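> I would like the atomic coordinates for the input below:
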Amino acid sequence: MKRPIILLLQEWSYKMQASKRRHIAKSVTWRIIASVTTFIIARWFFSDDPNATEKATWVALSEAVVKMALYYFHERAWYGTNFGLNPESRTSKKIKDE
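Numbers count the residues shown, from 1 in each chain. So this is what the prediction gives:
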């Protein structure tokens, strides 16, 4: 039995909203991990400098802002492709999520 188009559109809209929230959450959690790593490496590079902690903090903060935005758009671009997926992957995933 075919479902009315309005139900399909509502379902698609909900999944897109949930998907975007998921991508944002993944971006934030990954940036925390990556920024702590960057801070540790920058602190080590500047270890002889009396302002090492301050410099490492600014390096970590600035790279976090830029890279979080880049990661979000990168993730959205990959989400929009089927590259490397089986043709049934997206269909079977959507059915499991319902």
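> so which residue is smack in the middle of the chain?
The structure's the chain has its C-alpha centroid closest to residue 27; by Cα atoms, centre = their mean the separation is 3.2 Å.
> contacting residues for residue 68?
Contacts for residue 68 were tallied using Cβ atoms under 8 Å, 6 or more residues apart in numbering; they are 27-28, 31. For glycine as for every other residue, the C-beta is placed from the backbone atoms N, C-alpha and C.
> and those residues, which is the shakiest by pLDDT?
Among the contacts of residue 68, residue 27 carries the lowest pLDDT, at 75.
> dump the contacts of residue 68 to CSV, plus distance to residue 53 and secondary structure.
Listed next are these as CSV, based on distance: Cβ to Cβ, whole Å; DSSP: H, G, I helix; E, B strand; the rest coil:
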residue, distance to residue 53, secondary structure
27, 26, helix
28, 24, helix
31, 20, helix
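> in CSV: the residues you listed, plus distance to residue 67.
Compiled in CSV, these are given as follows (distance: Cβ to Cβ, whole Å):
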residue, distance to residue 67
27, 9
28, 12
31, 7
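> between those residues, which is closest to residue 62?
Within those, proximity to residue 62 (Cβ to Cβ) peaks at residue 31, which comes in at 12.1 Å.
> what's the burial count for that closest one?
A total of 20 residues lie near residue 31 under the criterion other Cβ atoms under 10 Å.
> quick one: the strands in the chain?
Per DSSP state E, the chain has no strands. Nothing in it meets that criterion.
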